[in-house]
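**Student:** 3D model of this:
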Amino acid sequence: MPRRFRSIHHRLFVLFLVCMTAILLIVTVLFYNRATTQFHDKLGEIARKNVSQTAGLLDLLLASYDSLSKSISTNADIVRLVAEKRILPPQVEYVNQHNITNMMGAIYFSRDDLVGIHIIGENGKIYDYGNYTTVTDPNYASSDWYKQINASTGKMVWLGVFSHSLIDTMEDSPVFAFGRPIFDLNEQHQIGIVLFEAKADTVVAAVNNLKLGPNSKVNIVNGTGQPVAISLEPNPQPARLPEHLELPDIPGEVTVRQDGTTLVAASRLDKIDWTIVSTTPSQDLNVELAQTKRYLFIVVTILLLFSALVALIVSRTISSPLGRLVRQMKQVENGNFHGMVNVTSYEEINGLVDSFNHMVRRVEELIERVKLSTVSEKNAELHALQSQVNPHFLYNTLDMIYWMLDEKGNDRLGEVVLSLSQMFRYSSHWEGNAEVTLREEVEQIRHYLTIIQMRLEDRLTVEIVIDERWLDLIVPKMLLQPVIENAVKHGLEAQREQGHLLVEAVPDEKYLNIRVQDDGAGMTPETLNRLRRSLHLPDQQQDSQGNDGMTVAKLRQGIGMQNVHQRLKYMFGEQYGIGIESRVGQGTTVTLRLPLPVEWAAPALAADSYEYNDGTVNRSNKAESDHKSAGGYSNNIE
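**Tutor:** Model (predicted):
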């Protein structure tokens, strides 16, 4: 399969086009078949009505011609004069002929459609009445029509339609000829015949009413099965009747038959032993169907083009946004996270694009966070390394000094040297993601506070209250020492009186708050606000001089509280970090917000309550006893 046809655009286009084309073709075929069936049924009904009406019209017309012929064949005067066999004087013969002619004229002028009336006696006498001078065909006795009438037993002989008169050589107009023998009822023998010739228009018009198309054929069959001439065409060819055609036997009955190629309608006249048969070929029957087919072809072609246009628009509406999304994904794959996809399409596609944009923004933020976290960790490591000169040699030397002091019994100084050695060991290992447990951080600050207490000549009391259940929490390395170092250096060291430092873990419903509280000098509101703002600034943007002569840069020396704040945010999220509260002369409280382990996030933790009185944190007796009984850190370092 070509590659382009694997795209969603081409597949949707082909799918929509095929579906709409199939629907159009199915609807068109069903409509055409239904229309064909209804059309054929309608044609059959029309043919039935035409045949029935034409049969009734011919019945009336021929019945009137039969009645007209009887007015001569039953006229006693005409019968008497025609039957005269004696040789009469010319005067009498003339009078008799004049009388017959007058009676024929009266009958002739009783109708408008008669062309001529001809009486031929058995003695060879001929009496004519017509519009023009009559010239009788001398060979009439040998013609078929004469033989048919002469052979009749008294019934009307319907000869049919002819292009000119049968007996009058001067009459060239089409005629419908019929006749019957004349009998002398007294002597019971035939004395002659009477031939009527009427205008053919009436019969031909009635017969043509049966034609449903230009190629339709109409046949009239008499009682003996012989065709009756009813066409004015030169050398007319009778229509070929369908095989096994069953003509109606009951007068007035109409039979309609359709075999797919021909429509045949037949009816038997009521008054006369004639059967009229109308035959219409399929080429005439399907004229309107052919027009309908052409119309449907044009309409279906237009609808197919419209369907192709709709399929193209719909497929593009779906595939175009997806294509733009794919191109942007390739840009993201190449490391470009700054481009966003803006589309207006269907709700599902809009949702997909919005999710992609959100994901790209989130990935970009996470990459930036990882970069900053990496930089911060490197800076912290660098600061730690810069503060040491050959750390391994140094803490090995300190271990040696500790053992020497231990041998001499100087336990206090030995403990300080041991704590300093442990601090160097802890700070010199920056491996992996620089993540440790809270237990390790607490051990580190205990060593640090041992040295500080020694340096301050026991003017500092330290209380660490952290439940055992929190000690396995993973935290960034060097989390507590920068905070405690700032508390000691800027809050407690400058005081001459006894100072107190409290380190405690206080859980709430969502967070584990590690509070470092001192009762030192505290900070002015301006310095506090400046310090709070500095926590969110890059390392290059440091606030300058505070109102109390103490710079924020001094508050953030070493690894710095800003570094701790940023690393907490990078490690746990934006809602975590450092919070600072301070009052001049009442001390400072620094709160490190850490995530609370899921298994401990329960309402029962709310039992630990804290009250702030004049800036001093006092723990309730119940909570304090709980912590002590849990086996965690609740130590007073003196």
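
**Student:** what's near enough to touch the closest residue to N75 other than its chain neighbours?
**Tutor:** When the adjacent residues along the chain are set aside, N75 lies closest to M103, with 6.3 Å between them (CB to CB, 6 or more residues apart in numbering). Every residue, glycine included, has its C-beta placed from N, CA and C. Listed by CB atoms under 8 Å, 6 or more residues apart in numbering, the contact set of M103 reads I72, N75, D77, I78.

**Student:** which residues in the stretch 451-600 of the chain form helices?
**Tutor:** Along the stretch 451-600 of the chain, the segments classed as helices by DSSP state H, counting those that start in this stretch run 481-487, 525-534, 552-555, 561-572.

**Student:** Can I get those helices in JSON lines including mean neighbour count, mean pLDDT and distance to T153?
**Tutor:** As requested, those are arranged in JSON lines below (neighbours: other CB atoms under 10 Å; pLDDT from 0 to 100; distance: least, CB to CB, whole Å):
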{"stretch": "helix 481-487", "mean neighbour count": "22", "mean pLDDT": "88", "distance to T153": "145"}
{"stretch": "helix 525-534", "mean neighbour count": "17", "mean pLDDT": "89", "distance to T153": "139"}
{"stretch": "helix 552-555", "mean neighbour count": "17", "mean pLDDT": "42", "distance to T153": "147"}
{"stretch": "helix 561-572", "mean neighbour count": "22", "mean pLDDT": "85", "distance to T153": "129"}
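
**Student:** Show me what counts as buried in stretch 342-353.
**Tutor:** Neighbour counts over stretch 342-353 (16 or more other CB atoms under 10 Å) mark V343, S345, I349, L352, V353 as buried.

**Student:** ok, longest helix in the chain?
**Tutor:** helix 8-73 (DSSP state H).

**Student:** Give me the packing partners of the helix or strand just after it, helices and strands only.
**Tutor:** Beyond helix 8-73 in the direction of the C-terminus, DSSP states H and E gives the next helix or strand as helix 76-82. On a contact count with 3 or more CB pairs under 8 Å, 6 or more residues apart in numbering; DSSP states H and E, helix 76-82 meets helix 90-108, strand 114-121, strand 175-184, strand 189-199.

**Student:** between the contacts of M103, which is closest to D518?
**Tutor:** For the contacts of M103, the closest approach to D518 (CB to CB) belongs to I72, at 153.7 Å.

**Student:** what about the stretch 251-400 of the chain, any weak spots by pLDDT?
**Tutor:** In the predicted model, the stretch 251-400 of the chain carries pLDDT under 70 at residues 260, 285-287, 346, 377-400.

**Student:** now the buried residues of stretch 342-353 as TSV including secondary structure and distance to S320?
**Tutor:** Below are those laid out as TSV (DSSP: H, G, I helix; E, B strand; the rest coil; distance: CB to CB, whole Å):
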residue	secondary structure	distance to S320
V343	coil	8
S345	coil	8
I349	helix	10
L352	helix	13
V353	helix	12
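
**Student:** and of the residues you listed, the nearest to A311?
**Tutor:** Nearest member of the buried residues of stretch 342-353 to A311, counting by CB to CB, is S345, at 16.5 Å.

**Student:** so what's the closest one closest to, chain neighbours aside?
**Tutor:** Going by CB to CB, 6+ apart, S345 has P321 as its nearest residue, at 4.4 Å.

**Student:** Next: I318.
**Tutor:** Per CB to CB, 6+ apart, closest to I318 is L12, 5.9 Å.

**Student:** Tell me how far the one you found lies from V314.
**Tutor:** From L12 across to V314, the span is 7 Å (CB to CB, to the nearest Å).

**Student:** Next: H447.
**Tutor:** For H447, the distance to V314 - CB to CB - is 73 Å.

**Student:** and of the buried residues of stretch 342-353, the nearest to V264?
**Tutor:** Using CB to CB, the buried residues of stretch 342-353 come closest to V264 at S345, 63.1 Å.

**Student:** So what touches stretch 319-326?
**Tutor:** Against stretch 319-326 from outside (CB under 8 Å, 6+ apart): S7, I8, H9, L12, V341, V343, S345, I349, L352, V353, F356.
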